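> only geometry, no sequence info:
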């Protein structure tokens, strides 16, 4: 796995959590809605199916909430780990660029504005920072 993919894992997990939260909201709405009644069928049978469907929705909702909670804990740990790994670099600009890009999810254009550099220069610095990060991680893994 290259350095860019490795560092991008934080954002990927955050996106997955956001999507699961959206799914959770949909399930919550489904579980809380009474739904329409089908009067063409026997009343007892419809009530039974509705309760069973409601139970399944509630169970799925609570399972998904638990899964989101586990993912959030994993995100906190992953983010902390990646920040510490970025901080092990020697060059302040490498640290700043990688932090802004992979922890704060800022575009290279925005980073260039914030650092008062041209976009091309930041693109070059970003590539160099990724190389330094990959070298540092390889160095730490062989020790």
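The structure has been received and is ready for your questions. Remember, predicted model here, so these are calculated numbers, not experimental data. Residues are numbered from 1 along each chain as shown.

> low-confidence ranges, this structure, go.
Applying pLDDT under 70 to the chain picks out residues 34-51.

> what segments of it are helices?
3-32, 43-87, 92-102, 108-115, 119-142 (DSSP state H).

> and the longest one, how far from the chain's centre?
I take that to be helix 43-87. Remark: helix 43-87 is offset 14 Å from the chain centroid, using Cα atoms, centre = their mean, to the nearest Å.

> quick one: list the elements packing against that helix.
Secondary-structure packing of helix 43-87 (3 or more Cβ pairs under 8 Å, 6 or more residues apart in numbering; DSSP states H and E): helix 3-32, helix 92-102, helix 119-142. Any C-beta I mention is one placed from the backbone N, CA and C, and that applies to glycine too.

> buried deepest among those, which one?
Most buried of those, by mean neighbour count (mean count of other Cβ atoms under 10 Å): helix 92-102, with a mean of 20.

> not counting its neighbours along the chain, what's nearest residue 27?
Excluding its sequence neighbours, the residue lying closest to residue 27 (Cβ to Cβ, 6 or more residues apart in numbering) is residue 61, at 4.2 Å.
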